[in-house]
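**Q** here is a sequence together with a model predicted from it:
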Amino acid sequence: MKTKQIHKSTVNVVTLGCSKNLVDSENLITQLEANEIDVSHDSNELSDVVVVNTCGFIDLAKEESINTILQYAELKKEEKIQKLYVTGCLSQRYKDNLEAEIPEVDAYFGTVELPALLEKFEIDYQHELVGQRSITTPAHYAYLKISEGCNRTCSFCAIPLMRGKHISRSIESLVTEAKNLAKQGVKELMLIAQELTYYGLDLYKERRLAELLDSLCAVDGIEWIRLHYAYPSKFPTEIFEVMVRQPKICNYLDIPLQHASDNVLQHMRRQITQAEQRALINTARQIVPDIGIRTTMLIGYPGETEEDFDILCNFVRDMKFERLGVFLYSHEEDTRAHDVEDDIPADVKANRSNRLMEIQQEISFNKNSEKVGKTFKVLIDRKEGGYFVGRTEYDSPEVDNEVLIEAKDNYLRQGDFVMIKITDCEDYDLYGELVEG
Ligand code: SF4
């Protein structure tokens, strides 16, 4: 009997979740394209084969992943697509349940099963392609995943269950990948990891983030390097010295602190106190006075009292973070926090989140107002409506502030670095005009 070949022209890879998942999708796409399989990413067009790369981080993300799988399962039932595969975090964590509940899916794969997924396309995993990534982001920026997994034991976090222990990639392979990305036109690298500052401890038996940064700064064509997801306890403060020494490292740090009440921090097993967090942020600002600090807070952790929440609000008021995001606590099976009752009602969580973001809104507006009249280097991301939209070194794509420049008077291209004088601002965005010369 002749087996049915997968049509070589249309595979749609659908990515849900975070930038780390996006890099996994890009690696999959690279392997498929190397075998002349025509791939699209997050396409609305119908395709022969769909691969859904899922997220299993919190309730909302799981719901979105399941709804997406169901939507494509329906298309498969209607014979509008031929094959449906599911990979990523949700699939890693709930494979058995998913196989039972959504049998229309042809096969489920975990987070480290790329070779097995490729077998479905009758192709072998090619090691030599590591570092030659097809990017799905705009051509001028890319994410660089420097490690996988996490050795920390934060009580609320399911990531180690899905991504395993920390595995650092070698400095050589990361530099090779950065060079390849630079050849494709990438100017800005976003370094990502579950836990950035642990980099090297597994592979080299010592922290090597500073050395990695120096090596990446030597790559021609890369002009900005940005640091995402640092764990605050025992933070290697020499990173701030590298930021000062190396102009390519953006004065930006994404450092999720999660909370500020010592009571909650201890239950979360964050291995840090509020006083130590304050000291760390103050050290960062002493060494890098204009640093833009982004943090995230987790609201509604079991047992979080009004008093704990007030402590958090006061901390945010005092520390005046440049950027702040909020997650609502999600009660995840098999985490340590799951052993206690999820006792904060959803409406209380939402109310606290709104109150915290109101505090941040005012901080953000005040910080933006201080920028009016000043000139900044801006990287142009896109044209939208009547504006060119770009970012300063203090802003990461998708999550942070943007700079809007009227399009009618200027001609700018995506990926251009330009000097922009800030003329006006809103809570989270800036308006500016091109400075000639
Ligand atoms: S450091 Fe981050 S990824 Fe690691 S367990 Fe804690 S919250 Fe999860």
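**A** Arrived safely, thanks for sending. Numbering: from 1, shown residues only.

**Q** which residues in the stretch 1-150 of the chain form helices?
**A** Using DSSP state H, counting those that start in this stretch, the helices found in the stretch 1-150 of the chain span residues 19-33, 59-77, 89-101, 114-119.

**Q** what packs against the second one?
**A** Of the remaining helices and strands, those touching helix 59-77 by 3 or more CB pairs under 8 Å, 6 or more residues apart in numbering; DSSP states H and E are strand 49-54, strand 83-88, helix 89-101. Glycine gets a C-beta too; all of them are placed from N, C-alpha and C.

**Q** got the contact list for that helix?
**A** 14, 16-17, 46, 50, 52, 54-56, 81-84, 86, 88, 90, 98, 102, 104-105, 330-331 (CB atoms under 8 Å, 6 or more residues apart in numbering).

**Q** so which bits of that helix are buried?
**A** Across helix 59-77, burial judged by 16 or more other CB atoms under 10 Å covers 61, 62, 65, 66, 68, 69, 72, 73, 75, 76.

**Q** so which of these are also by the ligand?
**A** Near the ligand, taking CB under 6 Å from any ligand atom as the test, no member of the buried residues of helix 59-77 is found.

**Q** for the stretch 151-300 of the chain, which residues are neighbours of the ligand?
**A** Checking the stretch 151-300 of the chain against the ligand by CB under 6 Å from any ligand atom, the hits are 152, 154, 157, 159, 160, 194, 195, 231.

**Q** for PyMOL, what selects the buried ones among these?
**A** Restricted to buried positions by 16+ other CB under 10 Å, the PyMOL selection for those reads:
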select buried, resi 152+154+157+159+160+194+195+231
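
**Q** pLDDT and secondary structure added to the residues of the stretch 151-300 of the chain next to the ligand, as CSV?
**A** Shown next, in CSV, are these (pLDDT from 0 to 100; DSSP: H, G, I helix; E, B strand; the rest coil):
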residue, pLDDT, secondary structure
152, 95, coil
154, 97, coil
157, 95, coil
159, 93, helix
160, 93, helix
194, 95, coil
195, 94, coil
231, 97, coil
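
**Q** relative to the whole chain's centre, how far out is the helix or strand bottoming out on mean pLDDT in the chain?
**A** Least confident element among the helices and strands of the chain, by mean pLDDT, DSSP states H and E: helix 159-163 (a mean of 92). Mean-position distance between helix 159-163 and its chain equals 15 Å (CA atoms, centre = their mean, to the nearest Å).

**Q** what helices or strands is that helix leaning on?
**A** Under the contact definition 3+ CB pairs under 8 Å, 6+ apart, helix 159-163 sits against helix 89-101.

**Q** just the angle for the helix it packs on relative to strand 83-88, thanks.
**A** Interaxial angle, helix 89-101 versus strand 83-88 (axes from the mean of the first three to the mean of the last three CA atoms, to 10 degrees): 130 degrees.
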